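Visitor: what shape does this take:
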Amino acid sequence: MLYAWRLGLSAGQNTFVCESDDGFLWIATENGLVRFDGRNFRRVPSGPNGITDNLVTAIALSGDQKSLWVGSLRRGAARFDVSSQTFRPYPKLWHFDSHLQRVSKIVCLPNGEVYLGTSDMGLARYLPAPADTFQFYAPAPIVFHGGVPTNRYSVTDMVLDPSDPDQIWLLCNNGVYRFDTRAEEFIAYYVPTDNEVYWTSIAHDGQNGLWLGSWGNGPFHFDVMTR
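Guide: Predicted coordinates for the structure are as follows:
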């Protein structure tokens, strides 16, 4: 069955969908976060007690299913606590002046760690209470001048390695990387192509390969063992 916006879905463009253990579907839309119980849609708009931005770009459930993370196009992220049914907003993930604090993708490790792909600061790892903040990682040190970074690292997409959930594969500044969460380091991978390609998405094939989506050049399969 096709569920159109006329039936209660708040926007026709949906970027992510995930299902929690309680059976609810959570849908990222261009007009807020939507919860679907199988019959009715309930929209969660942005606000002091909700998400940080109606333009939702990413959602992911934590490994223990206790939290739902919601990323936005302009104003960071929010964490929804399933037990208390409350949101904790993080409109500014990093603290230098930036009009765009975009989160492109969120991955949650089985051990409870949460990583957010950002538009300026590479990977952001959530540090739970009492810190309740974020630690940032990039392929090279981020240099600041006057409180503003002179080199920025934009994560386009990322995916967990199914054979080793401590490894994250990601696209950053149009390069292919593997981030080792144990060693906290980036490993770069060279992908041979006939011409310059802009990578848009990444998926793991469950073995030793990556599927890379591109802008205008179709999909590309890359064997990581040939690095």
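Visitor: which strand in this protein has the most residues?
Guide: strand 164-172 (DSSP state E).
Visitor: could you pull up the mean pLDDT of the helix or strand just after that one?
Guide: Using DSSP states H and E, the helix or strand that follows strand 164-172 towards the C-terminus is strand 175-180. For strand 175-180, the mean per-residue pLDDT is 96.
Visitor: ok, strand 175-180: who's next to it in the sheet?
Guide: Strand pairing for strand 175-180, determined by DSSP bridges: strand 164-172 (antiparallel), strand 185-189 (antiparallel).
Visitor: residues of it that come out buried?
Guide: By neighbour count on 16 or more other Cβ atoms under 10 Å, the buried set for strand 175-180 is 175-179. C-beta here means a position set from N, CA and C on the backbone, and glycine is covered the same way.
Visitor: make a markdown table from the strands paired with strand 175-180 and add mean neighbour count and mean pLDDT to it.
Guide: Output for these, formatted as a markdown table (neighbours: other Cβ atoms under 10 Å; pLDDT from 0 to 100):
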| stretch | mean neighbour count | mean pLDDT |
| --- | --- | --- |
| strand 164-172 | 20 | 95 |
| strand 185-189 | 14 | 95 |
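Visitor: between the ones you listed, which one is nearest to D205?
Guide: strand 164-172 (10.9 Å; Cβ to Cβ).
Visitor: shaky segments in this protein?
Guide: By pLDDT under 70, the low-scoring segments of the chain are 1-13, 96-99, 145-151, 227.
Visitor: spatially central, which residue of it would that be?
Guide: K105 (1.4 Å; Cα atoms, centre = their mean).
Visitor: which residues are contacting the one helix or strand that residue maps to?
Guide: Using DSSP H and E, the element containing K105 is strand 103-108. Residues from elsewhere that reach strand 103-108, judged by Cβ atoms under 8 Å, 6 or more residues apart in numbering: 57-63, 69, 71-72, 76-77, 93, 114-119, 154-160, 168.
Visitor: about what we covered before: can you tell me which of the buried residues of strand 175-180 comes closest to R39?
Guide: Of all the buried residues of strand 175-180, R39 sits closest to F179, with 40.4 Å by Cβ to Cβ.
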